[in-house]
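Chemist: Below is the structure, and that's it, no one-letter string:
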């Protein structure tokens with residue numbers, strides 16, 4: 001098997017500017033680059049019917065790359081459906097922050113929501129402006145993990 005390298009994790013958003021502002025202002029993600037691929041190529045790659053009018057913004061945080069995908073063509077994006085933590089597939093992002101509760105307050109300022117019933121004191125879940133689950137953990141949690149291989 002050849003060498004593999006992590007590339008990115010993709011997420012569909014309904015308002016690209018709002019989502020870029022949210023991830024930048026709340027968590028410190030930085031814009032890396034942005035593309036608007038031709039409809040023919042993205043339709044084939046994603047197995048979706050054009051028109052799609054996709055813009056993909058790539059944001060980075062601590063080596064992690066988050067692709068925010070926006071489908072601007074009318075009817076191109078599917079409606080939101082709240083996912084639960086026990087569904088197969090990707091469920092959430094997890095971000096270590098200095099102060100979980102002050103970060104959660106910023107989440108609300110930038111269009112997200114705190115999931116109050118998830119608050120276990122040291123950690124909690126929020127939803128970004130499009131409903132994506134994000135787990136907030138204290139920075140000390142990451143510092144206490146074993147070294148990466």
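Modeler: Right, received. Where do you want to start? Please read these numbers as outputs of a predicted model, since none were measured by experiment.

Chemist: Show me which positions of the longest helix along the chain end up buried.
Modeler: The longest helix of the chain (DSSP state H) is helix 16-27. For helix 16-27, the neighbour count (16 or more other C-beta atoms under 10 Å) marks 16, 19, 20, 22, 23, 26, 27 as buried. For the C-beta atoms, the positions are set from N, CA and C on the backbone; glycine is no exception.

Chemist: What distance do you get for residue 105 to residue 35?
Modeler: The gap separating residue 105 from residue 35 is 33 Å, by C-beta to C-beta, to the nearest Å.

Chemist: Then residue 51?
Modeler: The value you get for residue 51 to residue 35, if C-beta to C-beta is used, is 17 Å.

Chemist: So which of the two has more stuff around it?
Modeler: Neighbour count, other C-beta atoms under 10 Å: between residue 51 and residue 35, residue 51 has more, with 14 against 11.

Chemist: residues contacting the more buried one?
Modeler: 39, 73, 76 (C-beta atoms under 8 Å, 6 or more residues apart in numbering).

Chemist: Let's test this: what are the backbone torsions at residue 129?
Modeler: Per-residue torsions, residue 129: phi -60, psi -20 (degrees, to the nearest 10).

Chemist: What is the burial count for it?
Modeler: For residue 129, using other C-beta under 10 Å, the count is 18.

Chemist: And for residue 83?
Modeler: So residue 83, with other C-beta under 10 Å, has 14 neighbours.

Chemist: Not counting residues beside it along the chain, what's closest to it?
Modeler: With C-beta to C-beta, 6 or more residues apart in numbering as the criterion, residue 83 has its nearest non-adjacent residue at 6.5 Å, and that residue is residue 91.

Chemist: so is the one you found in a helix, a strand, or just coil?
Modeler: Secondary structure for residue 91, judged by DSSP: H, G, I helix; E, B strand; the rest coil, is coil.
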